[in-house]
Structure formats: C-alpha cells, structure tokens
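Q: Just need the structure, nothing else, for what follows:
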Amino acid sequence: MPAYKRRERNRHDSSNNGPTRISRSKIDLFLECPRCFYLDRKLGVARTGMPAFSLNSAVDALLKNEFDLLRKKGEAHELMETYKIDAIPFDHPDLPIWRDDVYKYTGACVLHQPTNLEICGIIDDIWINKDEELIVVDYKSTSTNKEISLEDEYKEGYKRQMEIYQWIFRQMGFRVNPTGYFVFANASRNEPKFDGVLQFKTILIPYEGSDSWVEPTILKIKKCLDSDKIPPAAENCEYCGYREAAKEAGA
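A: Residues are numbered from 1 along each chain as shown. Next comes the predicted model:
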C-alpha cells in the first residue's frame, strides 16, 4: 500500500509573512467541519480524494465553448433571450485566469488585508448587463425526471459558492448584480435509444445572493489557522466519525 503523503502546497504557516491561499471549496470545508479544515490547511492532512466526474467536466467545457462563440461577437445567448435577461457574456482579458483555463489552480483571487488570506474561486462564466454590472454564472449538469430547484439540502453549497464568487468580484472592484444564475444541463432518461448521444434540456435558475456571511467567516478561518489547538469535529462529520471509529477499533 502506498504511503499517504501530507500536502505541503498552500499550508498555513503562522511564522510566514506571505499570504495563505484559501479556495472557495476550503471555505466550504471549514463550514462543514472545522477539524477537517484545520487538518488540511494547517497540518497538510487532507481528506481522501473523490474521483473526477468526467461527463460533468465535458458539459462545462462545451457550455463555455458555446458562450465563448457569442462573447467575441458581443451577442446574447438564446437562454438570455428566453429568460428575458438583458445581458451578454462578459469579455475580459483575465477570463481565462478566472476560469482556470490556462493556469492550474489560479482562478479569481483577492487578498483579504485584515487576515492576509488570499481568497480564490474558479468561476464558470461571467455575464454583464446594460448597467455594467457583472452577473456570476455557474454551470451544473444532472440527470433527473424531477423538477430542478435549489431547495435540496446539498444545494446550499451551490448558493454559498455563488455568494463567495460575488464577494470576490466585489472585492476586485467590480459592480456585481446580487442575482446570479445557475445554468442546469439536464440529461434526458426517457429517450427510446441511446445511439451514443445524450439529449440535454438546458434551464436557467436565478439566485439572489447575500455575501454578508463571507467576511465574518474569513475572520473565523484566520483565528482557526492561527490556533495551536485542533478544533472539535462537526457533529455529523463522517470523516471524523470514521477516524474515531478506527481509533476505537485499535486501527
């Protein structure tokens, strides 16, 4: 069995004056379980990885290609027209960096001066409306016969994701509309034959975000990282529960 290797990249070091990078997903990890976050960002002991969802990545890439065709032309997508959104895809030279198309693990980043934490997020798309406000857009792919909504419990993470991105772009000096959009590509399960083709229906779901929780959370993250004590586990953390059960079993 190969040995587990601690992660050294982007670990927080209180003795180092340089900024510590905290990604959007790590903020979500902190909210989910402070102990898992501390083990990851402070001690370099990350949770075991999950397999990549290649089909989801393919859908994301194709949606980006579709919107990029219109971006250079300054034209609206038919989804915008269908949902009566007066906007066009935002054309900006830093978009490849924000989307991490070229630079691995970069994204849109801003330094939070009070904590010296660099808050980063990799976005899917940005639109701009007639009032020159940016609209944060996130692509999601699924396959369900149920009505798609944001009401499922696990989609609370989607909402936080949107709000962190909105916060980042506001800190970067952009005017950001509070309403962002999730572009859901839903693969049909009801076709008579596969024939090597998935049939998708694309819908748009608006979400009015509030980033008021982001700043206080960053301050809590800084306090957590600067502490010498490992914080308690979240009550329902399956990973911490597994570690405790393994310890009790003598493993």
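Q: Alpha carbons of the helix ranked longest in the chain, as PDB, please.
A: In the chain, taking DSSP state H as the definition, the longest helix is helix 54-71. The C-alpha coordinates for helix 54-71 follow below in PDB (Å, rounded to 0.1, in the frame of the first residue of the first chain):
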ATOM      1  CA  SER A  54     -15.600  13.500 -16.500                       C
ATOM      2  CA  LEU A  55     -19.100  13.900 -18.000                       C
ATOM      3  CA  ASN A  56     -19.700  17.000 -15.900                       C
ATOM      4  CA  SER A  57     -16.400  18.400 -16.900                       C
ATOM      5  CA  ALA A  58     -17.200  17.800 -20.600                       C
ATOM      6  CA  VAL A  59     -20.600  19.600 -20.300                       C
ATOM      7  CA  ASP A  60     -18.900  22.500 -18.600                       C
ATOM      8  CA  ALA A  61     -16.300  22.700 -21.400                       C
ATOM      9  CA  LEU A  62     -19.000  22.600 -24.100                       C
ATOM     10  CA  LEU A  63     -21.100  25.300 -22.400                       C
ATOM     11  CA  LYS A  64     -18.000  27.500 -22.200                       C
ATOM     12  CA  ASN A  65     -17.300  27.000 -25.900                       C
ATOM     13  CA  GLU A  66     -20.900  27.800 -26.700                       C
ATOM     14  CA  PHE A  67     -20.900  31.100 -24.800                       C
ATOM     15  CA  ASP A  68     -17.400  32.000 -26.000                       C
ATOM     16  CA  LEU A  69     -18.600  32.000 -29.600                       C
ATOM     17  CA  LEU A  70     -21.000  34.800 -28.700                       C
ATOM     18  CA  ARG A  71     -18.600  36.600 -26.300                       C
END
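Q: continuing past it, what's the next helix or strand?
A: helix 78-82 (DSSP states H and E).
Q: buried sites along that next one?
A: Leu79, Met80 (16 or more other CB atoms under 10 Å). Bear in mind the C-beta positions are built from the backbone N, C-alpha and C, glycine included.
Q: Just after it, pick out the following helix or strand.
A: strand 87-89.
Q: Provide the strand pairings for that following strand, with the direction of each partner.
A: Next to strand 87-89 in the sheet, as set by DSSP bridges, lie strand 125-129 (antiparallel).
Q: sorry, back to before: so which elements touch the longest helix of the chain?
A: When contacts are defined as 3 or more CB pairs under 8 Å, 6 or more residues apart in numbering; DSSP states H and E, helix 54-71 sits against strand 87-89, strand 125-129, strand 134-142, strand 179-187.
Q: Find the residue at the geometric middle of this structure.
A: Residue closest to the average C-alpha location in the chain (CA atoms, centre = their mean): Gln161, at 4.7 Å.
Q: what's the closest of the helices and strands packed on helix 54-71 to Gln113?
A: strand 134-142 (22.0 Å; CB to CB).
Q: could you dump stretch 240-251 to PDB, C-alpha only?
A: What follows is stretch 240-251 as a C-alpha-only set of coordinates in PDB (Å, rounded to 0.1, in the frame of the first residue of the first chain):
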ATOM      1  CA  CYS A 240     -14.100  12.400  11.700                       C
ATOM      2  CA  GLY A 241     -16.500   9.700  12.700                       C
ATOM      3  CA  TYR A 242     -14.600   7.200  10.700                       C
ATOM      4  CA  ARG A 243     -11.300   8.300  12.200                       C
ATOM      5  CA  GLU A 244     -12.700   7.900  15.700                       C
ATOM      6  CA  ALA A 245     -14.300   4.500  14.900                       C
ATOM      7  CA  ALA A 246     -11.000   3.300  13.500                       C
ATOM      8  CA  LYS A 247      -9.100   4.500  16.700                       C
ATOM      9  CA  GLU A 248     -11.600   2.700  18.900                       C
ATOM     10  CA  ALA A 249     -11.200  -0.400  16.900                       C
ATOM     11  CA  GLY A 250      -7.400  -0.300  17.500                       C
ATOM     12  CA  ALA A 251      -6.500   0.600  14.000                       C
END
